[in-house]
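Student: sequence first, predicted coordinates after that:
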Amino acid sequence: MPPFSLDHRPSPFTPGEGSTSSGSSLPVYALTPGDLLNETLDPFLRNWARQAGFTAESGALLLVPSSPGGAGAADGLGGALFGLGTQPLDAPFATGKLARSLPPGRWRIVSESLPAEQAALGFALGAYRFDRYKPKTGERPLLHLDDGIDRAALERTVAGITLVRDLINTPTNDLGPDALEAAFQALGRHYGATVTTILGEDLLKQNFPLIHTVGRAAEQAPRLLEMRWGSGAKRITLVGKGVCFDTGGLDIKPAASMLLMKKDMGGAANVMGLALMIMDAGLDVSLRVLVPVVENSIAGNAFRPGDIYRSRKGLTVQIDNTDAEGRLILADALAYASESKSDLLIDMATLTGAARVALGPDLPPFFTDDEALAADLSRASVSTHDPLWRLPLFKGYEKDVTTRIADLTNAPSGGMAGAITAALFLKRFVADTSGWVHLDVYGWNPTERPHAPVGGEAQGIRALYDIIARDL
């Protein structure tokens with residue numbers, strides 16, 4: 001597998017043995033309460049569970065000694081029991097907890113309630129640690145993968161998600177515009193993609209005025225990154241918001257609201273993770289990735305409330321809040337993307353607090369007028385356990401993104417339907433909205449879950465990959 005993150009990460013899986021033999025791995029039985037009553041379960045395990053009071057409640061772990069006459073580890077450990085609860089699909093990646101709670105060693109998951117690849121993906125996601133700034137801890141458990149699991153597909157999914165998490169978790173002093181470009185360049189270089197950059201004043205010369213406007217006050221220059229890969233008939237374009245830090249500009253954020261603003265490039269991170277998965281799989285597509293990269297800073301040349309700027313598309317935009325900067329840089333990038341025909345145009349952005357208020361941090365909304373695409377994405381969201389929810393591009397709110405002396409405002413007054421009006425703003429810069437979808441992702445886990453520590457998160461890319469790969 002490629003170097004898929006900012007630093008090398010060991011695999012959570014044991015090396016491929018090339019056979020169905022489990023070798024010296026120990027079994028961990030992932031069970032529902034009903035499974036404990038199943039007479040096919042080894043009587044020794046049922047008895048051990050009963051004596052220990054193990055009821056298979058969700059997340060419960062019970063180590064099991066070697067059975068009399070049975071094989072086990074040198075220390076007498078014979079395996080483990082893990083509880084899935086009565087509704088295991090309510091927590092499809094519960095096995096992530098095993099990566100943090102099992103003793104070091106080689107393990108294999110045995111379950112009749114969870115598909116093998118799903119259980120393995122949960123384990124791998126739960127094994128994630130962001131330890132760039134802390135000493136690495138000791139040995140960790142490794143998972144054995146049977147031959148029935150598509151190891152390559154599983155590893156590329158883990159690679160894509162790990163890249164997203166690492167990029168978002170890295171603070172801006174180590175991941176400003178220069179460093180994000182370096183990561184983008186490294187990703188493209190590994191897969192033989194062509195990568196170009198339009199930097200600083202060249203943005204004005206090549207007609208990307210809004211990207212330049214938002215980023216011009218920062219120490220590191222604004223830029224537009226572009227990657228091209230593949231020559232397939234299906235044309236896929238990914239656009240990701242790359243605001244490496246957002247002070248709010250002259251409409252400065254309160255201190256508490258700045259604490260997570262290193263994650264404001266979460267859209268860029270997600271499209272890079274998705275691009276990794278597409279390229280690593282060698283999908284027969286023509287892939288184009290656009291990432292406008294800025295830091296929204298304050299200086300004497302910062303853009304101001306009340307300013308009016310002409311966009312790449314020619315539409316004029318009145319700045320009614322400098323903290324609504326993400327849609328500005330996306331506007332130029334989407335207009336540029338639309339100058340070439342795409343079969344599927346996806347943009348991803350940590351765009352509005354309104355999306356988080358409406359649906360919470362774990363359920364990103366998506367917006368599209370393409371009914372077939374909406375149906376496909378909703379189906380893929382369910383089948384991949386990658387939560388997404390469609391919100392409407394309600395035409396009744398289009399008047400809210402207009403203003404008296406310019407074509408558009410970047411911040412409608414009133415504070416109503418903020419995620420929808422932001423999507424409607426972006427829609428104005430897409431030439432053909434058939435095949436276009438906008439995802440407003442939060443990009444962060446505020447609380448720990450079995451498969452996800454607190455920190456940066458990939459959202460929507462497994463579902464998006466599913467609809468891209470399935471249609472080929």
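Tutor: Arrived safely, thanks for sending. Numbers count the residues shown, from 1 in each chain.

Student: so for Gln118, what's the pLDDT?
Tutor: As predicted, Gln118 sits at a pLDDT of 96.

Student: repeat that for Gly18.
Tutor: pLDDT, Gly18: 47.

Student: same deal with the one 10 residues further on?
Tutor: With respect to pLDDT, Val28 scores 97.

Student: now Phe4
Tutor: According to the prediction, Phe4 has pLDDT 44.

Student: so Asp280 touches Thr157, yeah?
Tutor: No - under the criterion of Cβ atoms under 8 Å, Asp280 makes no contact with Thr157, lying 9.5 Å away. C-beta: built from backbone N, CA, C; applies to glycine.

Student: show me which of the two is the more surrounded one.
Tutor: Each of Asp280 and Thr157 has its neighbours counted (other Cβ atoms under 10 Å); Thr157 has more, 25 against 20.

Student: the more buried one: what secondary structure?
Tutor: Three-state call for Thr157 (DSSP: H, G, I helix; E, B strand; the rest coil): helix.

Student: quick one: it and Ile149, what's the gap?
Tutor: 12 Å (Cβ to Cβ, to the nearest Å).

Student: which residues touch Ile236?
Tutor: Ile236 is in contact with Ile278, Val285, Ser286, Leu287, Arg288, Ser342, Asp343, Leu344, Ile346, Ile468, counting by Cβ atoms under 8 Å, 6 or more residues apart in numbering.

Student: what helix or strand is the last one on?
Tutor: Yep, that's Ile468 we're talking about. Ile468 is located in helix 461-470, with elements delineated by DSSP states H and E.

Student: now for that helix, which elements pack on it?
Tutor: Here helix 461-470 touches helix 151-169, helix 266-281, helix 371-383, going by 3 or more Cβ pairs under 8 Å, 6 or more residues apart in numbering; DSSP states H and E.

Student: and the angle for the second one with helix 461-470?
Tutor: Which is helix 266-281. 40 degrees (axes from the mean of the first three to the mean of the last three Cα atoms, to 10 degrees).

Student: the longest one too?
Tutor: Comparing the axes of helix 151-169 and helix 461-470 via the same axes, to 10 degrees yields an angle of 140 degrees.

Student: and for stretch 308-323, what are the contacting residues?
Tutor: Here stretch 308-323 makes contact (Cβ under 8 Å, 6+ apart) with 207-210, 213, 246, 248-253, 296, 302-307, 328, 331-332, 335-336, 403, 405-413, 428-429.

Student: may I have that stretch exported as PDB, CA atoms only?
Tutor: Extracted in PDB, the C-alpha atoms of stretch 308-323 (Å, rounded to 0.1, in the frame of the first residue of the first chain):
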ATOM      1  CA  ILE A 308     -18.100  43.800  -3.700                       C
ATOM      2  CA  TYR A 309     -16.100  41.500  -5.900                       C
ATOM      3  CA  ARG A 310     -16.600  40.000  -9.400                       C
ATOM      4  CA  SER A 311     -16.200  36.200  -9.500                       C
ATOM      5  CA  ARG A 312     -14.700  34.100 -12.100                       C
ATOM      6  CA  LYS A 313     -18.100  33.500 -13.600                       C
ATOM      7  CA  GLY A 314     -18.800  37.200 -13.800                       C
ATOM      8  CA  LEU A 315     -21.400  37.300 -11.000                       C
ATOM      9  CA  THR A 316     -20.700  40.100  -8.500                       C
ATOM     10  CA  VAL A 317     -20.700  39.200  -4.800                       C
ATOM     11  CA  GLN A 318     -21.300  41.500  -1.900                       C
ATOM     12  CA  ILE A 319     -19.400  40.600   1.300                       C
ATOM     13  CA  ASP A 320     -21.800  40.800   4.100                       C
ATOM     14  CA  ASN A 321     -19.700  38.600   6.400                       C
ATOM     15  CA  THR A 322     -16.000  37.800   6.000                       C
ATOM     16  CA  ASP A 323     -16.600  34.600   8.000                       C
END
